[in-house]
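Engineer: Below is the structure, and that's it, no one-letter string:
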Ligand SMILES: Nc1ncnc2c1ncn2[C@@H]1O[C@H](COP(=O)(O)OP(=O)(O)OP(=O)(O)O)[C@@H](O)[C@H]1O
């Protein structure tokens, strides 16, 4: 892996779920229909970077995080971590990946085992991964400094297993030893680990190791790890808890004795226990009080700087993303629709979905406040049966009308919603008109009633009066509905109003700040309203 390579590369990742097919589906014997939770997602995360993944609930964010950590097996695609395909890893290489890539879950209440003490929770990954590790191939070495004593008479022995506590560089674990005469060293606490005094000589070791000094013909210094494995693990848990802002005398307490924010700190300490390079933060602050959220986000930022961490931050909350991320990927129904640097994406959101999401966040600047406001209405469609073409088109306030259709966006949106309802037969004919005015037989009104029925139906389904041309098309389509021919109605409306957005799924363009929307592809832009917002 070269210095410019991303730490994580996600390539056309797909994760489909089949297991939720209902009994009815199975009885009807149709082909199983998968939930396409993640449907062809690609992005990179550079070392030290925080990439945000944002979108409404159910868009596939958590499934993306879990699949790229190999907590779920992918349906297709690849994830390359540190230059190697995650799904090809086996044995030690897989164990190393499990150590190096960790997760912090949303809910600190359910992600901590209530029967375990905090000490047990934070030391558990250390036990599972048999920490501390020592490698017989690693050479142990001392770097000696002396003060008031000649280095020639000092001999230092370093135990082979100091790599348990000293990270080796290029196969060498180096410990830093200082030997001074007591005159220059001043007072020494003999109980402190890492310091020893004998016959007017003080030896100190900079790392978290033990040191013994003896004076005979010369000065003999021995550096070792003199604690049991259990002790080392508890010491590490203590220092981690301290680092995340908890008191070290809380090791024997249970999760229910802590607040939500403290529990999330415990979850973070657990995730960092094995010194990972990469952490997926899945809604790390969503379950917390607003007052605590910023503290936890600041802690995560401090830890990232201190330990060179790379983050994927999953959140539905754009204000959290803005606070922490370098870049952000916007996800809708299993796909990435826009990805770019966080400042650019907030100042100049391109995709109508991103624009709509941003409209739900309080504005920071007047410029942004003055942007045309669009609201995001309706629910995310089912990932079992996503809309054809652009998946956002059923809710998009900027869906592109056919080129020859002179129509304002509001009217077009209304007609597209009408089409959706006709296509899914989501119109109750029984309740049209005044009570009992129209008698329906087999879902059909009598021929004499068709005109009145269509007028009443139009009143019900449309908020505004349509221009004559469109009124004629809708009247024709609804007349088919009145006689039970839903297919003819749907065909008539499609023939007139079909959008490029439903014919083709736009791909992310190759821009610095890529977006997947037909408003931005050159061919469509000629016909479409300008994409400004
Ligand atoms: N094990 C599963 N079996 C079947 N469907 C699943 C499974 N896990 C997730 N899904 C479905 O996959 C889609 C994506 O879910 P996912 O949890 O990844 O979305 P999300 O964006 O993280 O939402 P949230 O913020 O609510 O967790 C949803 O429709 C969800 O119901």
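Structural biologist: Nice, I can see it. Computed from a predicted structure; not experimentally measured.

Engineer: If you count contacts, what does the host helix or strand of residue 267 end up packed against?
Structural biologist: When secondary structure is defined by DSSP states H and E, residue 267 falls within helix 260-272. Counting contacts by 3 or more C-beta pairs under 8 Å, 6 or more residues apart in numbering; DSSP states H and E, the secondary-structure elements packed against helix 260-272 are strand 101-104, helix 118-128, helix 229-243, helix 290-307. The way it works is simple: take the backbone N, C-alpha and C, and place the C-beta from them, glycine included.

Engineer: what's the offset of it from the middle of its chain?
Structural biologist: When C-alpha coordinates are averaged (C-alpha atoms, centre = their mean, to the nearest Å), helix 260-272 and its chain have centres 18 Å apart.

Engineer: Same question for stretch 120-140.
Structural biologist: The gap between the average C-alpha position of stretch 120-140 and the chain average comes to 28 Å, counting by C-alpha atoms, centre = their mean.

Engineer: Can you give the contact residues for that stretch?
Structural biologist: Outside of stretch 120-140, the residues within contact range by C-beta atoms under 8 Å, 6 or more residues apart in numbering are 95, 98-99, 112-113, 116, 158-165, 168, 171-173, 175, 225, 229, 232-234, 236-237, 240-241, 255, 266, 269-270, 273-274.

Engineer: Whichever of these end up buried, select them in ChimeraX.
Structural biologist: Buried residues within the contacts of stretch 120-140, as defined by 16 or more other C-beta atoms under 10 Å, are selected in ChimeraX through the command that follows:
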select :98,99,112,158,159,161,162,163,164,165,168,173,175,225,232,233,234,236,237,240,241,255,266,269,270,273,274
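
Engineer: now, which of the contacts of stretch 120-140 lie close to the ligand?
Structural biologist: Residues of the contacts of stretch 120-140 in contact with the ligand (C-beta under 6 Å from any ligand atom): none.

Engineer: List the buried residues for stretch 264-282?
Structural biologist: Applying 16+ other C-beta under 10 Å to stretch 264-282 flags 264-274, 276-282 as buried.

Engineer: Just the endpoints, please. Distance across that stretch?
Structural biologist: With C-alpha to C-alpha, to the nearest Å as the measure, the first residue of stretch 264-282 is 12 Å from its last.

Engineer: who's in contact with stretch 299-312?
Structural biologist: Taking contacts as C-beta under 8 Å, 6+ apart, the residues outside stretch 299-312 that touch it are 7-8, 45-51, 53, 65, 68, 243-245, 265, 268, 272, 275-281, 284, 324.

Engineer: redo that, cut-off 7 Å
Structural biologist: For stretch 299-312, the external contacting residues (C-beta atoms under 7 Å, 6 or more residues apart in numbering) are 7, 45, 47-51, 53, 65, 244-245, 265, 268, 272, 277-281, 284, 324.

Engineer: just how off-centre is that stretch within its chain?
Structural biologist: Here stretch 299-312 shows a centroid-to-chain-centroid distance of 15 Å under the convention C-alpha atoms, centre = their mean.

Engineer: what's the following helix or strand after the least confident helix or strand in the chain by mean pLDDT?
Structural biologist: Lowest mean confidence among the helices and strands of the chain (mean pLDDT, DSSP states H and E): helix 366-369, at a mean of 48. Toward the C-terminal end, the helix or strand that comes next after helix 366-369 (DSSP H and E) is helix 409-423.

Engineer: which helices and strands does that next one pack with?
Structural biologist: Of the remaining helices and strands, those touching helix 409-423 by 3 or more C-beta pairs under 7 Å, 6 or more residues apart in numbering; DSSP states H and E are helix 468-482, helix 486-497.

Engineer: one step back: which elements pack onto the helix or strand following the helix holding residue 267?
Structural biologist: Once the chain leaves helix 260-272, the next helix or strand it forms, by DSSP H and E, is strand 278-282. Taking 3+ C-beta pairs under 7 Å, 6+ apart as the contact definition, the neighbouring helices and strands of strand 278-282 are helix 61-68, strand 101-104, strand 310-315.

Engineer: about what we covered before: give me the residues contacting the helix holding residue 267.
Structural biologist: For helix 260-272, the surrounding residues in contact (C-beta under 7 Å, 6+ apart) are 102-105, 108-109, 111-112, 118, 121-122, 125, 240-241, 244-246, 255, 258, 279, 284, 287-289, 292, 295-296, 299, 303, 307.

Engineer: Of the residues you listed, keep whichever come out buried.
Structural biologist: Neighbour-count burial (16+ other C-beta under 10 Å) applied to the contacts of helix 260-272 gives 102-105, 108, 111-112, 118, 121-122, 125, 240-241, 244, 246, 255, 258, 279, 284, 287-288, 292, 295-296, 299, 303.

Engineer: With adjacent residues omitted, what lies nearest to residue 154?
Structural biologist: For residue 154, ignoring the flanking residues on the chain, the nearest one in space by C-beta to C-beta, 6 or more residues apart in numbering is residue 219 at 4.7 Å.

Engineer: pLDDT value on the one you found, please?
Structural biologist: Residue-level confidence at residue 219 comes out at 96, pLDDT.

Engineer: Backbone dihedrals for it, please?
Structural biologist: Here is the backbone geometry of residue 219 (degrees, to the nearest 10): phi -120, psi 120.

Engineer: Report how many residues lie close to residue 239.
Structural biologist: Under the neighbour criterion other C-beta atoms under 10 Å, residue 239 is assigned a count of 12.

Engineer: so how far is the ligand from it?
Structural biologist: When distances are taken as C-beta to the nearest ligand atom, to the nearest Å, residue 239 and the ligand turn out to be 33 Å apart.

Engineer: Tell me the pLDDT of the nearest residue to that residue once chain neighbours are set aside.
Structural biologist: Once flanking residues are discounted, residue 239 sits nearest to residue 248: 8.0 Å by C-beta to C-beta, 6+ apart. In the predicted model, residue 248 carries a pLDDT score of 82.
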